[in-house]
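Asker: Provided below for reference: sequence and predicted model.
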Amino acid sequence: MSTINKIVMLLGIKSLTLQSNMHIQHQMTTRHIDPMSKGLLFLFLLLLSATAFTACSDDETYADQVKRERSAISAYIADSGVNVISESTFRDQNYTTDTAKNQFVLFESSGLYMQIIRKGSGEPIASGESARILCRYTERNLLTDSIQVSNTISPYYYRYVEVMNVYNNSGTFSGSFKKENSLMYLFYSSTAIPSGWLAALPYLNFARYVTDESQIAKVRLIVPHDLGQSYASSGVYPCLYDITFERGR
């Protein structure tokens, strides 16, 4: 259903509800309606409205949602002057992206786009190693072009340092957010780390900030819904992330 049709439907529902309310008010002036009858009538109108809205959303298939998501990603790439490079070019550049050229590598198999802003000092997480990683990030919904979660912008949320406990199993990373003090858990009720975040870890080095010479790894990611947090996955929308990764104690 088009946006215009949805608006028309919405106006129609409001009009129906208004007319029904006027009719109820008229009936109440002529005869008494017991509270139970009024409650049932209200419930009926509420269910009628909900059914109409559900019908609108059901008209949009998963394929339509994915197409909309891809359009949002393409629009961001065009509007931001992103220079997309292949995985082979990324490999030839020693697994780096040129930020001066606004390069993002596209991982074809997953649809993830990654820009390495800082590769980081320190050491990578070795195979068989578990590590505690501290993250600061901003999450932007690319469909609505709005910031949803951030522990770098708001002074109130700055106190939430995201802690990831991760494990490298022969190059495949897994892990979870520490529930306590987790902004991602606070917003999405899940400690699962988005797969898009984990996919960046093999290409980074992780250091503890000690001096001004310590370089904390930083990436910018365009994460499609199937690699994102739970709300993005169910709502089929892409997110743009700016994330720093610091090795914890």
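Answerer: Done, it's in. It should be emphasised that the depicted structure is a prediction, and the values quoted were computed from it without experimental measurement. Numbering: from 1, shown residues only.
Asker: all strands of this protein, in order?
Answerer: Counting by DSSP state E, the chain has strands at residues 83-85, 103-107, 112-118, 130-141, 146-150, 162-169, 172-177, 217-223, 239-247.
Asker: tell me the most buried of those?
Answerer: Comparing the strands of the chain on average neighbours per residue, with mean count of other CB atoms under 10 Å, the densest one is strand 217-223 at a mean of 24. Yep, even glycine has a C-beta here, placed from its N, CA and C like the rest.
Asker: ok, it: who's next to it in the sheet?
Answerer: Next to strand 217-223 in the sheet, as set by DSSP bridges, lie strand 112-118 (antiparallel), strand 239-247 (antiparallel).
Asker: how about the last one as PDB, C-alpha atoms only?
Answerer: By that I understand strand 239-247. This file holds the C-alpha atoms of strand 239-247, laid out as PDB (Å, rounded to 0.1, in the frame of the first residue of the first chain):
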ATOM      1  CA  CYS A 239      21.600   1.000  10.400                       C
ATOM      2  CA  LEU A 240      24.700   3.200  10.100                       C
ATOM      3  CA  TYR A 241      27.200   2.800  13.000                       C
ATOM      4  CA  ASP A 242      30.200   4.700  14.100                       C
ATOM      5  CA  ILE A 243      32.000   2.500  16.700                       C
ATOM      6  CA  THR A 244      35.200   2.600  18.600                       C
ATOM      7  CA  PHE A 245      36.700  -0.500  20.100                       C
ATOM      8  CA  GLU A 246      39.100  -0.400  23.100                       C
ATOM      9  CA  ARG A 247      40.600  -3.400  24.800                       C
END
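Asker: quick one: the residue lying closest to residue 111 once chain neighbours are set aside from residue 67, how far?
Answerer: Excluding its sequence neighbours, the residue lying closest to residue 111 (CB to CB, 6 or more residues apart in numbering) is residue 224, at 4.5 Å. Separation of residue 224 from residue 67 (CB to CB, to the nearest Å): 12 Å.
Asker: between those two, point out the one with more neighbours.
Answerer: Comparing residue 224 with residue 67 by other CB atoms under 10 Å, the one with more neighbours is residue 224, at 24 against 13.
Asker: tell me the pLDDT at the residue nearest to residue 111?
Answerer: Here the pLDDT value assigned to residue 224 is 98.
Asker: before we move on, what about residue 128?
Answerer: For residue 128, the model assigns a pLDDT of 97.
Asker: how about residue 182?
Answerer: 96.
Asker: okay, now it: neighbour count?
Answerer: Neighbour number of residue 182 under other CB under 10 Å is 20.
Asker: specify the beta-bridge partners of the closest residue in space to it that isn't next to it in sequence.
Answerer: Nearest non-adjacent residue to residue 182, counting by CB to CB, 6+ apart: residue 162, 6.2 Å away. With DSSP bridges as the criterion, residue 162 is bridged to residue 135.
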